[in-house]
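1. Predicted model follows, preceded by the sequence.
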Amino acid sequence: MASLLVLDTSIVMAWCFQDEADAYADSVLNALETHEAMVPGVWPLEVGNVLCVAERKQRLGQADSVRFIALLQALPIRVEPDTAEHIFKEVLSLAREQGLSTYDAAYLDLAMRLGAPLATRDAALLRAATSCGVEIFGRGQR
């Protein structure tokens, strides 16, 4: 079985937009050769929203979005569905406690439950993960 990591949207969208690419995002993409990524149920909506906004701003075309989604679907990324009860209790509580959006708290909660490292470029999520003792993917490993 491949090693697990929790992947957030800030990493994924760096794969889509050349001006957001960096070595860390590239290393996470390369790691998917030996790792399986887990994402919370909100992830497809977040990715879709970023693509939709980018299309509206003419940052990319609809065909580009379709190709990017196809590329994502070919990667070992599993979406873990969440129940409303879990979101309203644990995720909301974690968001309040850590000063995060509930979207970001969903990634942190998933990493905590799985005991998996978190791959993110989001500063607030990095701080919260560190505060909660969640390993950051790529720090001290590879």
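-> Good, I have the coordinates.
2. Can you give me every residue that contacts the residue nearest to D82 when sequence neighbours are not counted?
-> Among residues not flanking D82 along the chain, G41 sits closest, at 4.4 Å (Cβ to Cβ, 6 or more residues apart in numbering). C-beta coordinates here come from the backbone N, C-alpha and C atoms, glycine included. With contact taken as Cβ atoms under 8 Å, 6 or more residues apart in numbering, G41 is in contact with V79, E80, P81, D82, A106.
3. so which of the residues you listed comes closest to E46?
-> Comparing the contacts of G41 against E46 with Cβ to Cβ places A106 closest, at 9.5 Å.
4. So the closest one sits against E90, correct?
-> No. Counting by Cβ atoms under 8 Å, E90 is not a contact partner of A106; they are 9.5 Å apart.
5. more neighbours, those two?
-> Using other Cβ atoms under 10 Å as the criterion, A106 and E90 rank with A106 on top: 28 against 16.
6. Okay, and that one sits in which element?
-> helix 102-114 (DSSP states H and E).
7. before we move on, what about G48?
-> Counting by DSSP H and E, G48 is part of helix 43-56.
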